[in-house]
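[1] coordinates only, no sequence provided:
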């Protein structure tokens, strides 16, 4: 029996690259459902359609979200919980890489809102929180 049976996840930056690979691995390994959250709406919808064809329409939803914007992150968590009824895993994968303007990179990669929000939305989140049980940063 899979450790992921009956579990639900949210993956930021899930439309491509490492994030997409994480979503796919969760599905391959038996997770009940995944919310793919990404700033790129077109890519997110394409990736979600691809995953739905491979794993079934009930396994994946897409939410457009910019992790540097608190209201969008909270919206992604709320839509996930509204759809799945709870969340068990968050993979905080969204990030930027660039030399030109370091402020957006720092804001997205280090001070992102999922980092501060996930303890509030995960089921059984401990009071002091031990993130190793519930969240993964990539």
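    Nice, thanks for sending it over. Being a predicted model, the structure only gives us computed values, none of them experimental.
[2] host element of residue 37?
    strand 33-38 (DSSP states H and E).
[3] from the contact counts, what lies against the next helix-or-strand element following that strand?
    Using DSSP H and E, the next helix or strand after strand 33-38 towards the C-terminus is helix 41-55. Here helix 41-55 touches helix 17-28, strand 33-38, strand 60-64, going by 3 or more CB pairs under 8 Å, 6 or more residues apart in numbering; DSSP states H and E. For the C-beta atoms, the positions are set from N, CA and C on the backbone; glycine is no exception.
[4] now do the buried residues in stretch 15-25.
    By 16 or more other CB atoms under 10 Å, the buried positions in stretch 15-25 come out as 15, 19, 20, 22, 23, 24.
[5] and of these, the nearest to residue 45?
    For the buried residues of stretch 15-25, the residue nearest residue 45 by CB to CB is residue 15; the value is 8.6 Å.
[6] tell me which residues touch the residue nearest to the closest one when sequence neighbours are not counted, please.
    Counting by CB to CB, 6 or more residues apart in numbering, residue 38 is the residue found nearest to residue 15 once chain neighbours are left out, at 3.7 Å. Counting by CB atoms under 8 Å, 6 or more residues apart in numbering, residue 38 touches 12, 13, 14, 15, 16, 19, 44, 47, 62, 64, 65, 94.
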